[in-house]
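>>> From the sequence below, what's the structure:
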Amino acid sequence: MRLRLGIDVACKAAHQVSCTDETGRFLFSGRRFRTTVEDLEKLWVSLPAADEVLVVLEPTRNAWVPLAAWLRAHGAKVALVPPEQSADLRDYYHKHTKNDRLDSRVLARLPLLHPEGLRVLGDDELGPADPLRRATRRRRSLVKRRTAIYARLDALLELLGPHWADTLGSGEYSKTALTLLERTGGDPHALKRLGRKRLTALLVRTSRGQWRDDHAETILHAAEQSLRLWAAGGLDFTELSHDLSGEARLALQLSTEIDGLDDRIGVLYEEADPAGLLTTAPGLAVTSAATILAGLGDPDRFTTLAGVRSFTGLVPKLDESGTSSRYGPPTKAGDPALREALFNAADRARKTDPTLAARYQRLIQAGKHHNSALCTRAAVLVTRLAACWRSRTPYQLHDVDGRPITAAEGRTICATRYQVTDADRAKNRSQRAAQRQKQGTGRRRKESRSAPAAGPSTNHINHLPAA
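Below you'll find the model as predicted:
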């Protein structure tokens, strides 16, 4: 006999499990248990003797990981189901009810109702239990937080005047600029009191000689311009310096964490890919290659290369009806971190790989947006990476005629033959602007997101009861 267990996983409450045989007949349903050794052993002993036990569950946060690991260690096969899939079947069974017992019953019958939608987990596919996956995701989260801090620093420095953007940079700050903001807060009075000599010594020490007297002079000039700009008052430099200093301190702490993660990711990636196959592709360093490998898992688990592309969510949606078919935007299924890494890698690779650069140029000249063209190239890139992994061969650069070339030759070819001109991009912008104008506009459409609303936030009138 083959048993099918459907488990509705809970994060804090008790899980609910239902059991069927291979014909879909329920042996029990709605039984409660928790992720403890005692409850799991009690559940396992209570199961009838069977040749195979298939456990079907949804990946609810990280609560499913220890549960799946314990069950698989005791001989069960574990299959994850997308929440949307089980929700659709639950609605079919009971349109107006949602409860844990019903969820477990639907999951238990999924192998009978939709067997092609199940994929049994491999030995090394426990998601958040994979250290490389956790490290790359944490790095992405920290980078996003630091980017948000950089944006706040840009906004705060704009209060001092536009000259600070040229002095310290904008969008991304060096360690020297952050250290200067942490210690002085950008306060013009503090910078003037510090003096050129001590300021130069601070810059030389923190930048290891990259910033010297000329940078100190530029910073002091920016401080003087801020004092002149706010000579009539209206801005408390001391309070602003507290905000700037705090944001810079957070950015420095995040940078330290990111540097430590980079070292850790390098070690983990070397264990996962000893031959460094992914790093042989153009545009992929260790960090980006580790992010792609962590997002894909083991590329050998895919039966086809088309499955790899579909897993990334970079393939277009297909809408078919009768004799008509239409392709839409990307499905965006799967891991957004994987798509982001592939998108950025494709943007770098097109400057070295002539085959990618030629296709990108044709798409741009045909009127495609930069993002659309890069998504197409990213799907091609991940297909090649998976093919290299499966064949255990490094990535080989070729010209459009199939001739093997070096990376230096590829960069030269891409820069001379497949360069996208400003005229090509300008033509696309004008076409898209014309399309937007045809769509019309309304009073609520504003160029600035901070502009006040021109009308109510909804057209529905809420009828309140009389007092």
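
>>> Show the contacting residues for Leu112.
Contacts of Leu112 were listed using Cβ atoms under 8 Å, 6 or more residues apart in numbering, and they are Arg4, Thr20, Glu22, Thr23, Gly24. C-betas here are computed from N, CA, C, even on glycine.

>>> Go through those residues and name the one nearest Leu54.
Arg4 (5.3 Å; Cβ to Cβ).

>>> okay but the closest one is in contact with Phe26, surely?
No: the pair Arg4 / Phe26 is not scored as a contact, 9.9 Å apart, by Cβ atoms under 8 Å.

>>> so what's in contact with these two at the same time?
Here Arg4 and Phe26 have Cys19, Thr20, Ala108 as joint contacts, going by Cβ under 8 Å, 6+ apart.

>>> Among the residues you listed, which has the minimum pLDDT value?
In terms of pLDDT, Ala108 ranks lowest among those, with 77.

>>> show me what contacts that one?
Arg4, Leu5, Gly6, Ser18, Cys19, Thr20, Phe26, Ser29, Val56.

>>> Show me those residues that map onto helices.
Using DSSP state H, the subset of these located in helices is empty.

>>> pLDDT on stretch 264-277, on average?
93.

>>> one step back: now the shared contacts of Arg4 and Phe26 in JSON lines, with distance to Leu381?
Shown next, in JSON lines, are the shared contacts of Arg4 and Phe26 (distance: Cβ to Cβ, whole Å):
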{"residue": "Cys19", "distance to Leu381": "44"}
{"residue": "Thr20", "distance to Leu381": "43"}
{"residue": "Ala108", "distance to Leu381": "40"}
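
>>> how about Arg25, phi and psi?
phi -80, psi 130 (degrees, to the nearest 10).

>>> Use 446 as the first number from now on
Right, with 446 as the first residue, what we last looked at is Arg470.

>>> thinking again about what came up before, now list the buried members of the contacts of Leu557.
By the neighbour-count criterion of 16 or more other Cβ atoms under 10 Å, the contacts of Leu557 include these buried positions: Arg449, Thr465.

>>> between the contacts of Leu557, which is closest to Leu685?
Arg449 (63.4 Å).

>>> Next up, the contacts around the closest one.
Cys464, Thr465, Asp466, Glu467, Leu499, Val501, Ala553, Arg554, Leu555, Pro556, Leu557.

>>> 10 Å instead?
By Cβ atoms under 10 Å, 6 or more residues apart in numbering, Arg449 lies in contact with 463-469, 471-472, 495, 497-501, 524, 552-557.

>>> Mark which of the residues you listed are buried, thanks.
Buried among the contacts of Arg449 by 16+ other Cβ under 10 Å: 463-466, 472, 495, 498-501, 524, 552-556.

>>> which one of these is nearest Ala831?
For those, the nearest to Ala831 is Ala524 (22.5 Å; Cβ to Cβ).

>>> and that closest one, how far is that from Arg746?
13 Å (Cβ to Cβ, to the nearest Å).

>>> swap in Asp632?
When Asp632 is compared with Arg746 (using Cβ to Cβ), they lie 57 Å apart.

>>> my guess is Gly606 meets Ser671, correct?
Yes: at 5.1 Å, Gly606 and Ser671 qualify as touching, with contact defined as Cβ atoms under 10 Å.

>>> shared neighbours of these two, anything?
Pro633.

>>> between these two, which one's more packed in?
Ser671 (24 against 18; other Cβ atoms under 10 Å).

>>> Do me a favour and get the backbone dihedrals for the more buried one.
phi -70, psi -40.

>>> Identify the residues contacting Leu636.
Contacts of Leu636 (Cβ under 10 Å, 6+ apart): 625, 629-630, 644, 661, 664-665, 667-669, 671-672, 686.

>>> how does it look with 8 Å?
With Cβ under 8 Å, 6+ apart, Leu636 has these contacts: Thr629, Leu644, Ile664, Leu665, Ala668.

>>> if I pick the last one, what's in contact with it?
Put plainly, it is Ala668. Per Cβ under 8 Å, 6+ apart, neighbours of Ala668: Pro633, Leu636, Lys637.

>>> ditto for the second one
For Leu644, the residues meeting the contact criterion (Cβ under 8 Å, 6+ apart) are Leu636, Ala661, Ile664, Leu665.

>>> which one of these sits closest to Ala518?
Nearest to Ala518 among the contacts of Leu644, with distances taken as Cβ to Cβ, is Ile664, at 60.7 Å.

>>> Please report the distance of the residue nearest the centre of the chain from Ala860.
The chain has Ala782 as the residue nearest its centroid, 2.3 Å off, counting by Cα atoms, centre = their mean. Distance, Ala782 to Ala860, by Cβ to Cβ: 30 Å.

>>> Next: Ile594.
Ile594 is 35 Å from Ala860, by Cβ to Cβ.

>>> which one of the two has more residues nearby?
Per other Cβ under 10 Å, whichever of Ile594 and Ala860 has more neighbours is Ile594, with 21 against 12.

>>> Please report the distance of the more buried one from Gly691.
10 Å.

>>> swap in Glu483?
Relative to Gly691, and taking Cβ to Cβ, Glu483 is found at 48 Å.

>>> which ones among the contacts of Arg449 are found in strands?
Under the assignment DSSP state E, those contribute Ser463, Cys464, Thr465, Phe471, Leu472, Glu497, Val498, Leu499, Val500, Val501, Ala524 to strands.

>>> show me where pLDDT drops low in the stretch 746-895 of the chain?
765-769, 875-895 (pLDDT under 70).

>>> follow-up on the earlier one: enumerate every residue touching the residue nearest to the centre of the chain.
Thr581, Arg582, Arg585, Thr736, Gly740.

>>> just checking, what packs against the longest helix along the chain?
Secondary structure assigned by DSSP H gives helix 682-717 as the longest helix of the chain. Counting contacts by 3 or more Cβ pairs under 8 Å, 6 or more residues apart in numbering; DSSP states H and E, helix 682-717 packs against helix 576-605, helix 620-629, helix 633-652, helix 731-741.

>>> Buried residues, it. List them.
Buried residues in helix 682-717 (16+ other Cβ under 10 Å): 682, 685-686, 689-690, 692-697, 699-700, 703, 706, 709-710, 713-714, 717.
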